[in-house]
Every structure is written in C-alpha cells, then in structure tokens.
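>>> Sequence and predicted model, in that order:
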Amino acid sequence: MKINIPNLLTWFRIVLIPVFVAAFYLSDSTLSLHSKNLVATGVFVLASATDWLDGYLARRLNQSSAFGAFLDPVADKLMVAAALILLVKLERADAIIAFIIIGREITISALREWMAKVGESKSTAVSMLGKVKTSFQMVAIGMLLYHERILNVDCQAVGSLLLYLAALLTLWSMGYYLMVAMQRLKEI
C-alpha cells in the first residue's frame, strides 16, 4: 500500500465512522439530542468533504493508486450505510429506502469487480448520473442527521424528499450500469 495524502484522507474517513455512530450512543446526560445531531452532521459533512478532497488531491498531486481506487469507494459505502442504518433506527428514514440505496451499492460494487475480472472495468466507471445521485444522497443524509430547522427550513421534510429522489436516482443509475455491463458483455 502506497501511503500518500489521498490515502490518508480515505483512512481518516473510515476512522470517523465509529466516532459518527458513537455520537448517538452516548447517554442524553452526556450529550443532548441537539448536540448529537450537530456532532453527527459535522462528522458526516467532514467525511463527505474529505471524499471530494482525496480524489482532487490524488489527481492534482498525481498520487492515484490502485489501493486508493479500491479503498475510496469502500469508505464511502461504509459511511453511507452507517448513516442510513442510524437514520432508520432514529426513525428519520424509511427502511425500504435504506435497503434500496445500500443494496444498489453492494450490487454495483459486485458488478464492477466482475467487470474488472473480464477486462471491462471502464464500462462501469462512475457516470454523471451516479455523481448526481451521490450529491442528492449526501445532502439528504446531512439534513436528516441534523433533523432540526435551519432558517425556517424543515430539514426532516426536505431531507426525506431528497432521500426519496436519491433512491429513485439510485434505481435509475443501477439500471444504467446493468444495461451498459450487459451490452459490453454481449460484445465480448
């Protein structure tokens, strides 16, 4: 494993996951619900920012590595899965929506691994649709974690709407990736 700044940021994101989860398991006398929401949202936003930053730095500093390309999406999926499971437990998100999003991530990861084994990894590269889905998903999760009003905006209502839109984009992008993969395999 090559140690560089982008890989360290990815590892940092993974280390943040237990901190993120632990915030909601502290007693209410240790940390108020408002503080739990604030800490979890802050950690999630920090993790999301480091996701963007590690990719940017890997390209900018020419520090891309095979290990980083593997670990980065794993870190993202772990953080999103942890957040969605917590949101379901807190009754801020629907379990079906969490299942759709987590299930898609597992399916596409398996598809990418399989396509790489048959020499077609470029056909399942991240699409713009996947990036839009991720943006909706990250904003939705952040709002649902915060859960309180911001400037008279109901974060729960807006976050729920965005999460449903992210779930629709999740299904759409999964269909897209599966179609592209099947088409490429027919050509082989």
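Here it is on my side, so go on.

>>> All the helices of this structure, in order from the start?
5-23, 33-60, 66-89, 95-117, 128-146, 155-187 (DSSP state H).

>>> Against which helices or strands is the third one packed?
Helix 66-89 makes packing contacts with helix 5-23, helix 33-60, helix 95-117, helix 128-146 when contacts are defined by 3 or more Cβ pairs under 8 Å, 6 or more residues apart in numbering; DSSP states H and E. From N, CA and C alone the C-beta is placed, and that goes for glycine too.

>>> Serialize these to a markdown table and add fields for distance to Lys77.
Formatted as a markdown table, the helices and strands packed on helix 66-89 follow (distance: least, Cβ to Cβ, whole Å):
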| stretch | distance to Lys77 |
| --- | --- |
| helix 5-23 | 11 |
| helix 33-60 | 11 |
| helix 95-117 | 5 |
| helix 128-146 | 11 |
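
>>> Please identify the most buried of the ones you listed.
Highest mean neighbour count of the helices and strands packed on helix 66-89: helix 128-146, a mean of 20 (counted as mean count of other Cβ atoms under 10 Å).

>>> Could you export that helix as CSV, CA atoms only?
In CSV, the C-alpha atoms belonging to helix 128-146 read as follows (Å, rounded to 0.1, in the frame of the first residue of the first chain):
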residue,chain,number,x,y,z
MET,A,128,-22.7,11.7,-14.2
LEU,A,129,-25.9,10.1,-13.1
GLY,A,130,-24.1,8.3,-10.3
LYS,A,131,-22.5,11.6,-9.2
VAL,A,132,-25.9,13.4,-9.2
LYS,A,133,-27.3,10.5,-7.1
THR,A,134,-24.5,10.8,-4.7
SER,A,135,-25.0,14.6,-4.3
PHE,A,136,-28.7,14.2,-3.5
GLN,A,137,-27.9,11.4,-1.1
MET,A,138,-25.2,13.3,0.8
VAL,A,139,-27.3,16.4,1.2
ALA,A,140,-30.3,14.3,2.2
ILE,A,141,-28.4,12.4,4.8
GLY,A,142,-26.8,15.5,6.2
MET,A,143,-30.2,17.2,6.6
LEU,A,144,-31.8,14.1,8.2
LEU,A,145,-28.9,13.8,10.6
TYR,A,146,-29.3,17.5,11.6
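
>>> Touching that helix from outside, list them.
37-38, 40-41, 44-45, 48, 76, 80, 83-84, 86-87, 92-93, 101, 155-156, 158-163, 165-166, 169-170, 172-173, 176-177 (Cβ atoms under 8 Å, 6 or more residues apart in numbering).

>>> Buried members of the residues you listed into PyMOL, please.
Of the contacts of helix 128-146, the buried ones can be selected in PyMOL as follows, counting by 16 or more other Cβ atoms under 10 Å:
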select buried, resi 37+38+40+41+44+48+76+80+83+84+86+87+92+93+101+155+156+159+160+162+163+165+166+169+170+173+177
